[in-house]
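**Q** All I have is the shape, not the residue letters:
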C-alpha cells in the first residue's frame, strides 16, 4: 500500500509549494497591475540586501557582498563600431588581396625551384 501513497504525497507537496508561491505573489501584488507589480518588486529588491546581511550575521559570516558592476552598453556605439570595422575592412580589401596574391605567387615560385 505504501508505493501507491508515495506519488500522492509527492503531488501534494508540489501542489502545496506551488500554491504557497502563488499566494505570496498575489499577496505582495506581483500579479496585480503593472504599477502594483513594479512597486512590489522594488520593495523586494530593497529588502533583499538587509535580509542577506542578517542571514550572514546569524551564521557568523561577516563577509561583504560584492557590488554589482555597472555595465554601460550603448547600442548606437556598438552599431557605429561595427559600421566602422566593415568600412575599414572594405577599404583595405584591395591592398590585402594584392598582398595575399604576391605571397601566393612567391609560394608557388618557391615550390617550383
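**A** Received, thanks. Note that this is a predicted model, so its numbers are computed, not measured.
**Q** How is the protein divided into domains?
**A** If you go by automatic domain parsing, the domain ranges for the chain are 1-68, 72-113.
**Q** Would you single out the least confident of these?
**A** For those, mean pLDDT drops lowest on domain 1-68, to a mean of 67.
**Q** Where does residue 98 sit, in terms of helix or strand?
**A** helix 75-112 (DSSP states H and E).
**Q** Return the residues in contact with residue 102.
**A** Residue 102 makes contact with no residue, according to C-beta atoms under 8 Å, 6 or more residues apart in numbering. The C-beta positions use only the backbone N, C-alpha and C, and glycine is treated the same way.
**Q** what's the spacing between it and residue 12?
**A** 78 Å (C-beta to C-beta, to the nearest Å).
**Q** What residues of the helix holding residue 98 count as buried?
**A** Residues of helix 75-112 include none that count as buried (16 or more other C-beta atoms under 10 Å).
**Q** can you start the count at 252 instead of 1 from here on
**A** Happy to do that; since the first residue is 252 now, the last one works out to helix 326-363.
**Q** mind checking how far residue 334 is from residue 327?
**A** Taking C-beta to C-beta, one finds residue 334 at 11 Å from residue 327.
**Q** same question but for residue 342, I mixed them up
**A** From residue 342 to residue 327 the distance is 22 Å (C-beta to C-beta).
**Q** Which other helices and strands does the helix or strand harbouring residue 258 contact?
**A** Using DSSP H and E, residue 258 sits within helix 253-279. For helix 253-279, the elements it packs on are helix 285-309, judged by 3 or more C-beta pairs under 8 Å, 6 or more residues apart in numbering; DSSP states H and E.
**Q** Reduced to three states, what does residue 323 come out as?
**A** Secondary structure, DSSP: H, G, I helix; E, B strand; the rest coil: residue 323 is coil.
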